[in-house]
Every structure is written in C-alpha cells, then in structure tokens.
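Visitor: turn this into a model:
(4 chains)
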2 protein chains.
Amino acid sequence: MQPQFRARVGTEGLRRTNTGAVLRALRRLGPSTRVELARHTGLAKATVGVIVADLEAARAVAEEGSRPGVRGRPGRPVALRGDRFVTLGLELNVDYVSAVVLDLSGRVVSSTSRPGGTGDALHDLARTALAEHVGPESIVVGTTLAVPALVRGDNHTVAWAPNLRVDWTDLAATLGELVPGLEIEVSNDANCAAYAEAHHGAARGAGHALYVTGTVGIGAGIVQDGELVRGGAGFAGEVGHMPMGDSTALCGCGRRGCWEAAIGLHAMLAAVGMPELDTPLLTAESVAERARTDASVRAGLERVGVDVGLGIAMLSSVLDPEVIVLGGYFAALGDLVLEPARRTLDERLASDVQVRPDVRPSTLGIQAAALGAAEQSFGPVLTGELDLTA
Amino acid sequence: MQPQFRARVGTEGLRRTNTGAVLRALRRLGPSTRVELARHTGLAKATVGVIVADLEAARAVAEEGSRPGVRGRPGRPVALRGDRFVTLGLELNVDYVSAVVLDLSGRVVSSTSRPGGTGDALHDLARTALAEHVGPESIVVGTTLAVPALVRGDNHTVAWAPNLRVDWTDLAATLGELVPGLEIEVSNDANCAAYAEAHHGAARGAGHALYVTGTVGIGAGIVQDGELVRGGAGFAGEVGHMPMGDSTALCGCGRRGCWEAAIGLHAMLAAVGMPELDTPLLTAESVAERARTDASVRAGLERVGVDVGLGIAMLSSVLDPEVIVLGGYFAALGDLVLEPARRTLDERLASDVQVRPDVRPSTLGIQAAALGAAEQSFGPVLTGELDLTA
DNA sequence: ACTATTAAGTATGAGTCTCGAACTAATGTC
DNA sequence: GACATTAGTTCGAGACTCATACTTAATAGT
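Guide: Numbers count the residues shown, from 1 in each chain, chains lettered A, B, ... in the order given. You can find the predicted model right below:
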C-alpha cells in the first residue's frame, strides 16, 4: 500500500527537503553566499555549508568569484550550474512539434520547433536536441510531453485528444527510449504554457497567474502559489466551452454560447472578414498587418477583445489572479485585442477593492508549452523529492 | 527577514511533521493500531510507537479496547481524544451569528446560532459556548471568524464588507479576549463553508470540491486537494458578479448580466412572484411550500435552476471539481432547483470524458461557515505546524 | 604598515530523530 | 500444549541540524 499521509521519512528525507529549499532559493535569488541562503531558508549557517558542499560535489552548484567591496570577509557566492542536470520538455501539437532543453540554473539551453504534428517529427526533434545540446557529462533528470489533450491527474494517460490521432502508449514508449531509465510524463499543453509563463515568462514573479491561449480552440492554465491547479480528474482549465451569455454563436461542439465560439480563431476571422492561413500564427500576423490600414478589421478585433475581457473577468472573479497572460493569436495581435479586453475587465470586476489583474501578452510564444513541460520536470528536484547528490 | 523557502528546521521539525501525519491519518481512518498508522504514513513501527506515546502523554489520543478475532496478537487501536484540544469557529453574518466548538477527533461539541448580526451578539454567543462546552481541562488551540466580506490573504484584514458596518480591529480584539493568548483569524464565510462541506459535509471524502451558496448574494469556495484556493489577494470565489450571458437583468451593482442578478434570492423571488420574508431561509421554505401546489412557482424555480446550472457548468469547466455542493436557499429548495441545474450542467459540460461532478445539497445548513472556521483552526495542528505535545 | 573591526565560512560536540533487527507479548490453530 | 502469527517495544547505529567557538579574509582607521 502506498503511504497516503506523506510523512517525511527519515533524517535523509529531512536533508532532501532542505537541499530542495536551498536549490529553490538559488533558483529564485541567483548566486548567493551561504549566509544569504541561510537567511532565506531559515537553516543554520553550518547546515547550509554542508548542503552546499554536497551540491558542489554533485556538480549541481559552483562557487563564483567573490564580490568584495564591503567590510568584513567577503562572501563567496554559489551559483547553480547548468552543465550537469537538465530536463527535456516536448510539445506535440496539431501543426507543429517543439523541444526545449532546460538546465538546472533555469537557462534555456536549446529551443527548437518544426512544422508538422506527428510523433515521428517530435521524436526526431527530441533526438537532435539531445545529441546537439546535451553533453556526455550532462544528466537528463526528467522529461515531460505537452499535448493539446485532456490528461488525467496521473500525468500519464491521455483521456481525450480530439485533434490528434496518436497511439499514446506507443509514443510514450518511443520517446522514453531517448532517455533510458526515465519515465516520460504527459501534461496538458495549456497547463504547461501557464507554468512556463509563471516561472519564465510574462507572469514571472507572480505566485498566482492565469494563462489563456487562443488558437482554433481556447485553453487555460491556472497557477496558484506557483503550482498548477489540476482539478479532480486533472481537467481544470478547459475553458473553451464554458457558456458565455453574450454570444449566441454556434460552436463546433454543437452547443451555443461557448467562449470558443466568440473568441476562437474562426470566430475572430469571421469578425474581421478574413481567411484562415496555414497556421494560427501566420493568420494572426496577416490580420495584424491588415488592421493597420483597415478600420473594419480593427472594429472586429475590438468586438473579439470585449468577449475576451468578459471571459477573463469571469475567471478573475473566480480565481483572483495577479497576472493574466494571453497567448496564442491574442499575443500576436497585442493591444488590438488586449486593450478592449482590459477595458471590459475593468468594467466587470466585482468590487472596488479587488485588485485589477495585470493583463499581459505572452512573451514565450510557441515555445511556452515545451518550456513549461521542461520546468515541470524540475519539480521533484526543487522540492527535494529527487536527490541530485545520490 | 522571514524565511521564504521553508526548510524543515531541525530534527524536532521532522518530528512535528511526522506527528502531524499521524494525526491526519487518525482523523481520516478513525481508531487505528500502530501498525496501521505505520502503513498509512510510511513511518517505521518503532517511530509510530514513540509518536503515539507522546500524543498519549499530551492527552491528544487514547487507547481503545483491543479488537480480537484475528490470528496473532490483537492490535490496540488508538483514537483521537476530544476532551483536550478544541477549536472555536465563529460566524458573523448580516442576520445571524453562530458559534461552533469542534474537538480534535472531528466531533462537533457544540453548535449554536442566534438571529441578529452584531458583534455583541456574537461575543455573547461565543462566551456562552466556551463556558458551557469547553471544560477547564480543555485547551482552545485556534479561533477563526467567518464573515461575508473580502478578507485579505493574511487572514486578518477585512478589505471590503458592503453589508456589515463593523469595526473589525475592535471586534477581533474583543473576541480575542475570550481566549487569552490566541490571535483570532478572519476568513471569508463562503470559503469557510466550502471547507466545512469538504471535510464534514456533503463533499466529505472528495479532495476537489466547489461550494456555491445562494442568499441575496452568491458566494463560492473552492477546495483543491483538501485545501482552499485563495487567489492572489485572497479574494478567489467571488462569483456573484461574474458576467453570465444568458441573463440581461440589472444587478444591484449597477451592471447587467451578473450571475447574482439571475439566481440571487431577489431574482428567484421575482421568478416565482413571491415576497421576501425575514430571512433567506424562511423565504426559501415558504417558496418550497408553495411550489408543492403551484406549477408557476415550479416553473420559476426551473428557470432559476437552469441559470444555476449554467454557472456551475462554467465553474466546472474551469475547476474540474468532483463534487459541487449547493448551499443557502438552493439547499432549502432541493431538487426543485438542483434537478434543472444538474440537467443543464450535463448538457453544457465540455467533453464526453469529463467526469460529471456530483451536485449535492449542503448538509450543514446555517452552521457550515462556523464549522469550517473551526476546522480551519485545526490546520496548523494537522500539518504539524503547531505542537500539541509541547 | 599595522592593528582593530567586521563578516563569512568551518570545525566540533551535543542533542534529536528515524530505522532495522532483535525481542517480548498476546492471541488463534492444530 | 507447542506452534504460527501478528502487535508492539527495546536498543544500538546512523544521519541530521544546531549553537558555539574558531579560523579566515577582507576593509577602516591610525
């Protein structure tokens, strides 16, 4: 039987927890002296000294040149090293695949993507990324695959993927062979993107963030206190078909009033009277281009932006995020959509004291999901679940 | 400087964590032998033995009569004791106050409420409850006050309470005197009620639950993995004024389309063509009574129920709860509202694989918030933050 | 140039904790 | 009545954190 009420087993477990706290502090603060780490973690100086020594031996951290200038013995800052532990984040989407190699220091070592949404293309991309950017000294400590699908809370089984015809167990097995001895985790793409924006992108520094992405469908990810809200079955954030009253348009799902039917890519194109191009991104760029000269296009985007604002107002009432990040075609169209959205959000927020969430465009673009997947794979390391010094 | 990256300080901290795990296991499993506790917590038999002995000395647990019948030496079950550690949960609402005394074993020792929503009435009620139901041997380890207001994430400051004219710092000080040496925490009433339903009421056993209560306003509380989702400022769950498209009715807040304007008590009364009585509960009962004979009242409730269903469909898409608990007047009207709500929810849920949340009426009624407040006060004990054995 | 001062980092030894193995205890089974 | 089985305790080993005292390396002042 699995333990259900997680005790921290043994004093080694204690050490792992504390090591995780030190790693998290280094991730957040950047290079820090032992004393600084002790202050921020609450540990004793001596303890931090031992932990840092262990991490140094494991090549997870390294000392930097000391920073003189102040009175007293100068501290010797310790920094996370990037050349030893990395994670691999992958995304399989409808019309593209991408791969990100992230190192322990939080640096993106490699970030590539390629058109064509097949398992083979992804496998190829991942293998290339590993071969070119992960040296023989480096260890891949986790791999996560982001997919536009409903993924169960177990982080493995795909419950529903209407837009992808893939044999998931087969794909997971194939990809798993790339990194021997490591089980691949699967995660929802919007959740991954939200995680990426919260830790590396537009919502960096905010503990509570909401991410909404617009392509043909609408997806969302919720970050509370730095962690993803998954829901009972793992399906939280499926906002595309939530009923929005102001729209009575027919949705692809056969119902009326879905948010997607008001602000999805097709609805946006209908509003501006333009055709769909090869990819959502290209389409959005052409719309942005035309909006510069065509007032009717701007008016159409204005209407879409209002509906975006209504939706995020609703989500804000429920979730109270500090930052809302808009990705997908919303980011490509920028203030053309964001401005009316902000205005509507302001009008609709519940009370005067409620803090207006900051509405920002995604800064990570197409790599968001893969980067978030990679960052998620560092989770066990930063919580101390996985021991780097072993 | 406060430690920010919570390390588990010292081996005593380890013990506290593990003690918390044992207490949680006992809370969930009921009386258990040491071996059972070891299995469920993952700790060694010997360790559990020591922890249980400590708890016994602190009078937090006691041995029960052994359960024979099986082969081998029979185990000696240990159970949480109720006569030593208790918490006090209070609620100050617009038209009533209530107080709940909860003991460590999870039993409600006392539960009282009284009409009239003033600080004095609450103070009086709390003092009586303490005097009559908390013996001299008992220790109050926490007190939480639930209020219909926006409460900041610090659990102390009231940011906005449109319906109550109260000097909050004064009230907290006055109530604080009832239990010397203990700081009183403040929390939102819907959040407290949600917490109560998740741990004691209709959503017991579900890690992920959503609670929606209907009186004049609409409030909600979100429980994820047994814990409340608070949002960036602590204002999550303020769903009353989220824009719901199907309604164009004017809301008290001056906007159109608020959920409250469609399903709040006043909207419901308008739909059935009946007057408001003294309290929401009395009003709801009279409506339920009339519905038995009057088809037009049933039709009105049907319409309200559909709007309830639309809203919880939206929330379900976002949050993916296992159970949705409806409180306030919804619970009083039962299936008259819940049935159309369930039907609408079924129609509107995003995908076929998505698990339908179970929609249930509140089982705790008017005591929900105070009970949840009391349960929240046990939080530090059950996580091991607070040491009972000290 | 030399000393005082300040602050960072390191050794040391005490105190706590958990764990596995061995042991004792209490019951049912044959 | 011997044996098997399971619960709980004892005990020694090992690991960890911590406070204190000490060492080290810089600046400030004279």
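Visitor: now chain A, which segments are flagged as low pLDDT?
Guide: The model of chain A has pLDDT under 70 over residues A:1-8, A:245-247, A:350-352.
Visitor: how about the residues of it near DNA strand C?
Guide: A:7, A:9-11, A:33-36, A:45-46, A:49, A:52-53, A:70-77 (C-beta under 7 Å from any atom of the strand). Placement of C-beta: from N, CA and C, glycine included.
Visitor: ok, 6 Å please
Guide: Counting by C-beta under 6 Å from any atom of the strand, chain A comes close to DNA strand C at A:9-11, A:33-35, A:45-46, A:49, A:71-73, A:75-76.
Visitor: mind putting those residues in a markdown table, distance to B:Leu282, neighbour count and secondary structure included?
Guide: Below are the residues of chain A next to DNA strand C laid out as a markdown table (distance: C-beta to C-beta, whole Å; neighbours: other C-beta atoms under 10 Å in any protein chain shown; DSSP: H, G, I helix; E, B strand; the rest coil):
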| residue | distance to B:Leu282 | neighbour count | secondary structure |
| --- | --- | --- | --- |
| A:Val9 | 54 | 18 | coil |
| A:Gly10 | 58 | 15 | helix |
| A:Thr11 | 60 | 10 | helix |
| A:Thr33 | 66 | 19 | coil |
| A:Arg34 | 65 | 22 | helix |
| A:Val35 | 64 | 12 | helix |
| A:Lys45 | 64 | 11 | helix |
| A:Ala46 | 66 | 10 | helix |
| A:Gly49 | 67 | 15 | helix |
| A:Arg71 | 73 | 5 | coil |
| A:Gly72 | 72 | 5 | coil |
| A:Arg73 | 74 | 8 | coil |
| A:Gly75 | 68 | 16 | coil |
| A:Arg76 | 71 | 14 | coil |
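Visitor: name the nearest of these relative to B:Val158.
Guide: The closest of the residues of chain A next to DNA strand C to B:Val158 turns out to be A:Val35 (C-beta to C-beta; 39.1 Å).
Visitor: ok, that closest one to A:Val70 distance?
Guide: Using C-beta to C-beta, to the nearest Å, we find A:Val35 at a distance of 12 Å from A:Val70.
Visitor: what of A:Val287?
Guide: A:Val287 is 55 Å from A:Val70, by C-beta to C-beta.
Visitor: between the two, point out the one with more neighbours.
Guide: Using other C-beta atoms under 10 Å in any protein chain shown, the more surrounded residue of A:Val287 and A:Val70 is A:Val287, with 25 against 8.
Visitor: okay but the more buried one is in contact with A:Leu301, surely?
Guide: Yes - here A:Val287 reaches A:Leu301: they are 7.4 Å apart, a contact under C-beta atoms under 8 Å.
Visitor: could you pull out the helices for the stretch 101-250 of chain A?
Guide: Using DSSP state H, counting those that start in this stretch, the helices of the stretch 101-250 of chain A run over A:119-133, A:168-176, A:189-199.
Visitor: what segments of the stretch 201-350 of chain A are strands?
Guide: Assigned by DSSP state E, counting those that start in this stretch, the strands in the stretch 201-350 of chain A fall at A:209-214, A:218-224, A:227-228, A:323-328.
Visitor: tell me the most buried of these?
Guide: Across these, averaging neighbours per residue (mean count of other C-beta atoms under 10 Å in any protein chain shown) puts strand A:209-214 on top, at a mean of 30.
Visitor: partner strands of that strand and their direction?
Guide: Strand A:209-214 has the following sheet partners, assigned by DSSP bridges: strand A:218-224 (antiparallel), strand A:323-328 (parallel).
Visitor: rebuild these as JSON lines, extending it with distance to DNA strand D.
Guide: What follows is those, written out as JSON lines (distance: least, C-beta to the nearest atom of the strand, whole Å):
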{"stretch": "strand A:218-224", "distance to DNA strand D": "28"}
{"stretch": "strand A:323-328", "distance to DNA strand D": "34"}
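Visitor: that older thread, mind putting the helices of the stretch 101-250 of chain A in TSV, mean neighbour count included?
Guide: Formatted as TSV, the helices of the stretch 101-250 of chain A follow (neighbours: other C-beta atoms under 10 Å in any protein chain shown):
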stretch	mean neighbour count
helix A:119-133	17
helix A:168-176	16
helix A:189-199	29
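Visitor: show me how chain A divides into domains.
Guide: Following automatic domain parsing, one gets these domains for chain A: A:10-80, A:85-189+A:369-383, A:202-363.
Visitor: among those, which is nearest B:Gly117?
Guide: Among the domains of chain A, domain A:202-363 comes nearest to B:Gly117, with 20.0 Å by C-beta to C-beta.
Visitor: who touches both of A:Val287 and A:Leu301?
Guide: The contact sets of A:Val287 and A:Leu301 overlap at A:Met268, A:Val272, A:Leu333 (C-beta atoms under 8 Å, 6 or more residues apart in numbering or on different chains).
Visitor: would you mind measuring from the second one to chain B?
Guide: Looking back up the chat, that one is A:Val272. 22 Å (C-beta to the nearest C-beta, to the nearest Å).
Visitor: surely that residue meets A:Ala295?
Guide: No - counting by C-beta under 8 Å, A:Val272 does not reach A:Ala295; the two are 11.0 Å apart.
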